[in-house]
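>>> Build me a model from this:
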Amino acid sequence: LVGGQDGDPKRGGLLSTVDAYKDFELSLDFLIDEHGRYNSGVYIRNDAGTSGQTTYQINIGRAEVGEYTGGVVIHKGKGIEWLGKGDEQDAVRKPLAWNTLRILAKGPHIEVDLNGVRVSDVTQQDAPPRFLEKGVIGFQTYGAEGWSGFVKFRNLRIRER
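Down below sits the predicted model:
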């Protein structure tokens with residue numbers, strides 16, 4: 001799967017699963033561009049039929065611009081909240097190379113491994129009930145500040161838990 005905006009940051013995209021999942025283990029490989037704030041992510045338990053994030057996002061990006069790979073993000077009002085920052089120093093992610101992400105979601109507990117290293121392990125004690133229900137998994141592409149950036153996904157595997 002390849003996503004990009006042809007240089008137009010307003011052309012974000014989201015490719016979602018048909019099936020909904022609640023508790024699962026998801027593994028995938030990704031490769032992301034290195035331009036500007038280019039980022040992507042995996043929305044888990046998301047609302048079907050939407051183009052935006054409605055529950056959790058596992059972020060994919062570059063730490064130098066505040067986009068931490070493997071970080072767990074929720075929207076809070078008009079901003080975001082990092083439940084776990086992930087690869088904060090960008091020490092685990094391999095730039096311009098394929099990386100492996102493993103996401104384990106079980107109730108309010110989410111673990112994220114990047115290239116075999118645990119980068120997030122969070123439990124949201126006050127999770128809204130909707131965040132714990134079944135939802136689709138969405139693969140996000142996002143703007144690149146005028147660059148023709150890209151994100152690629154391959155080897156997607158999911159197992160319900």
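>>> same question for stretch 107-123, mean pLDDT?
The average pLDDT within stretch 107-123 is 98.
>>> Same question for it: list its buried residues.
Neighbour counts over stretch 107-123 (16 or more other C-beta atoms under 10 Å) mark 108, 110-115, 119-120, 122 as buried. Yep, even glycine has a C-beta here, placed from its N, CA and C like the rest.
>>> Show me those residues that map onto strands.
In this view, those that belong to strands under DSSP state E are 110-114, 119-120, 122.
>>> possible to save the residues you listed as a markdown table with distance to residue 42?
Converted to a markdown table, these look like this (distance: C-beta to C-beta, whole Å):
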| residue | distance to residue 42 |
| --- | --- |
| 110 | 11 |
| 111 | 13 |
| 112 | 9 |
| 113 | 13 |
| 114 | 12 |
| 119 | 14 |
| 120 | 12 |
| 122 | 15 |
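>>> nearest to residue 78, of these?
Of all those, residue 78 sits closest to residue 122, with 22.1 Å by C-beta to C-beta.
>>> The closest one touches residue 83, doesn't it?
Yes. Contact status for residue 122 versus residue 83: in contact at 4.5 Å, counting by C-beta atoms under 8 Å.
>>> Show me where this protein dips below the pLDDT cut-off.
Within the chain, the ranges that satisfy pLDDT under 70 run 6-10, 36, 143-148.
>>> Strands along that one, start to end?
Counting by DSSP E, the chain has strands at residues 2-4, 13-16, 24-32, 40-46, 56-60, 72-76, 79-84, 99-106, 109-114, 117-123, 136-141, 150-160.
>>> Please work out which of these is packed deepest.
Ranked by mean neighbour count under mean count of other C-beta atoms under 10 Å, these are led by strand 56-60, which reaches a mean of 26.
>>> circling back to that earlier point, tell me which two in the ones in strands among the buried residues of stretch 107-123 are the farthest apart.
Pairwise distances across these (C-beta to C-beta) peak at 14.4 Å, for the pair 114 and 122.
>>> ok, back up a step: for the buried residues of stretch 107-123, work out which two are farthest apart.
Within the buried residues of stretch 107-123, 108 and 115 form the most distant pair, 25.2 Å apart (C-beta to C-beta).
>>> any residues in contact with both of residue 122 and residue 83?
Shared contacts of residue 122 and residue 83 (C-beta atoms under 8 Å, 6 or more residues apart in numbering): 72, 110.
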